[in-house]
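Chemist: Based on what follows, work out the 3D shape:
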Amino acid sequence: MDLIIIISLALLWAVFAAGITWHLAQTAFAITYVTLADGRRQERRLPMFFRVLLPLTPSLTPFFRKPRFRKAREQALIKLTSGGFDDVISPDEFMALRVLTPLVVVPVLSIPVISAFAWIQGPTDSGLGVRLVALFGALLLTMILYPSWWIKQAVALRHRLILKALPFVIDLLTLSVEAGLDFMTAIKNIVERRPPDPIAEELSRVLFEIQLGKTRREALSRLAERVRQPDIQSLVMALVQADELGVSIGATLRIQSDQIRAKRFMRAEKLANEAPVKMLFPLVVCIFPAVFLIMLGPIILQMLKYGF
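Modeler: A predicted model of the protein is given here:
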């Protein structure tokens, strides 16, 4: 009888472990898609921790909807919108994830990590307790900071992609407007012919908002508020002023294109000047020891072999 109970419990635990593994695998490879303003679908991949914890957020989102968290929700919405994830998770869900990530992930990860560390160090190590506490604290701090770091990296990546495509988009707009096309028609042609990258997504939003009844000035201002990137804000400000003063949009776009290309060249020059300093550490730590071993290794082996 005892053997049957033990086997039954083992089978139940095996089924439970297999179910959890299957759920985590399904969640790890899940891809979220958003529908853009022009009807196309675009992939939005959340981190695996977020995808696993997202079903648990409804238990905390009512708490973060209280008036005391209004400013924090606004800041979260700004970051999610700039990163392109405002259609995937809400500010309330993101704030809930910031709480759930350390509370759930740290206990789950700490058990195998600390057990492996303790096994490697050995149970007789006198400083093992201090090292385990330090390891747990480092893991907890990492999970606390991870959501903020992730959204910061998402915003930075989206800004880099926009900056990379912006000069070419402005050149196409300039050529189209100077050839006689209307400004909004030129934007529509560019959006239809570009892959769904970040700048095409934002321009399609501009077109969609104008179709809903907003003025061109309001739609462009909303573009600057969403992206919050200095070059985009400068471009929008110049276009709005040109619209107010009646200045030629083609001339304004050409001036903005020259300025953005000059800024891009200055950024590239700055990165080139920083490259020698960034290469110094791997050069000293990795390359010099490797060259030393390659050149002097055989000599040292010969000296050891013959007793010199």
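Chemist: For the longest helix anywhere in the chain, what is the distance to the chain centroid?
Modeler: With secondary structure taken from DSSP state H, the chain has its longest helix at helix 128-178. A distance of 4 Å separates the centroid of the chain from that of helix 128-178, by CA atoms, centre = their mean, to the nearest Å.
Chemist: before we move on, what about stretch 175-192?
Modeler: Using CA atoms, centre = their mean, the distance between the centre of stretch 175-192 and that of its chain works out at 31 Å.
Chemist: Do a quick rundown of the strands in the stretch 1-150 of the chain.
Modeler: Listed in chain order, the strands of the stretch 1-150 of the chain (DSSP state E, counting those that start in this stretch) span 32-35, 41-44.
Chemist: ok, of those, where does mean pLDDT dip lowest?
Modeler: When the strands of the stretch 1-150 of the chain are compared on average pLDDT, strand 32-35 comes out lowest at a mean of 61.
Chemist: Kindly format the C-alpha coordinates of stretch 246-263 as PDB.
Modeler: These are the backbone C-alpha positions of stretch 246-263, laid out as PDB (Å, rounded to 0.1, in the frame of the first residue of the first chain):
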ATOM      1  CA  GLY A 246       2.700  80.100 -44.600                       C
ATOM      2  CA  VAL A 247       6.300  79.200 -45.400                       C
ATOM      3  CA  SER A 248       7.000  76.500 -48.000                       C
ATOM      4  CA  ILE A 249       7.000  73.100 -46.500                       C
ATOM      5  CA  GLY A 250       9.500  71.800 -49.100                       C
ATOM      6  CA  ALA A 251      12.100  74.400 -48.100                       C
ATOM      7  CA  THR A 252      11.500  73.700 -44.400                       C
ATOM      8  CA  LEU A 253      12.000  70.000 -44.900                       C
ATOM      9  CA  ARG A 254      15.200  70.500 -46.900                       C
ATOM     10  CA  ILE A 255      16.600  72.700 -44.000                       C
ATOM     11  CA  GLN A 256      15.600  70.000 -41.500                       C
ATOM     12  CA  SER A 257      17.200  67.300 -43.600                       C
ATOM     13  CA  ASP A 258      20.500  69.100 -43.700                       C
ATOM     14  CA  GLN A 259      20.400  69.800 -39.900                       C
ATOM     15  CA  ILE A 260      19.600  66.100 -39.100                       C
ATOM     16  CA  ARG A 261      22.300  64.800 -41.300                       C
ATOM     17  CA  ALA A 262      24.800  67.200 -39.700                       C
ATOM     18  CA  LYS A 263      23.700  66.000 -36.200                       C
END
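Chemist: So which bits of it are buried?
Modeler: Of the residues in stretch 246-263, 249-250, 252-254, 256-257, 260, 263 count as buried by neighbour count, 16 or more other CB atoms under 10 Å. In short, each C-beta sits where N, CA and C put it, glycine included.
Chemist: What lies in contact with it?
Modeler: Stretch 246-263 is touched from outside by 166-167, 170-171, 173-174, 177-178, 183, 231, 234-235, 238-239, 241-243, with contacts defined as CB atoms under 8 Å, 6 or more residues apart in numbering.
Chemist: Selecting buried members of the residues you listed in PyMOL, what would you type?
Modeler: PyMOL command restricting those to the buried ones, with burial defined by 16+ other CB under 10 Å:
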select buried, resi 166+167+170+173+174+177+183+231+235+238+239+242+243
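Chemist: ok, back up a step: could you dump the buried residues of stretch 246-263 into JSON lines and include pLDDT and secondary structure?
Modeler: Rendered in JSON lines, the data for the buried residues of stretch 246-263 read as follows (pLDDT from 0 to 100; DSSP: H, G, I helix; E, B strand; the rest coil):
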{"residue": "249", "pLDDT": "82", "secondary structure": "helix"}
{"residue": "250", "pLDDT": "81", "secondary structure": "helix"}
{"residue": "252", "pLDDT": "84", "secondary structure": "helix"}
{"residue": "253", "pLDDT": "84", "secondary structure": "helix"}
{"residue": "254", "pLDDT": "85", "secondary structure": "helix"}
{"residue": "256", "pLDDT": "84", "secondary structure": "helix"}
{"residue": "257", "pLDDT": "82", "secondary structure": "helix"}
{"residue": "260", "pLDDT": "82", "secondary structure": "helix"}
{"residue": "263", "pLDDT": "82", "secondary structure": "helix"}
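Chemist: hey, where'd the helices end up in the stretch 151-300 of the chain?
Modeler: For the stretch 151-300 of the chain, applying DSSP state H, counting those that start in this stretch gives helices covering 183-193, 198-211, 216-227, 230-245, 249-282, 288-306.
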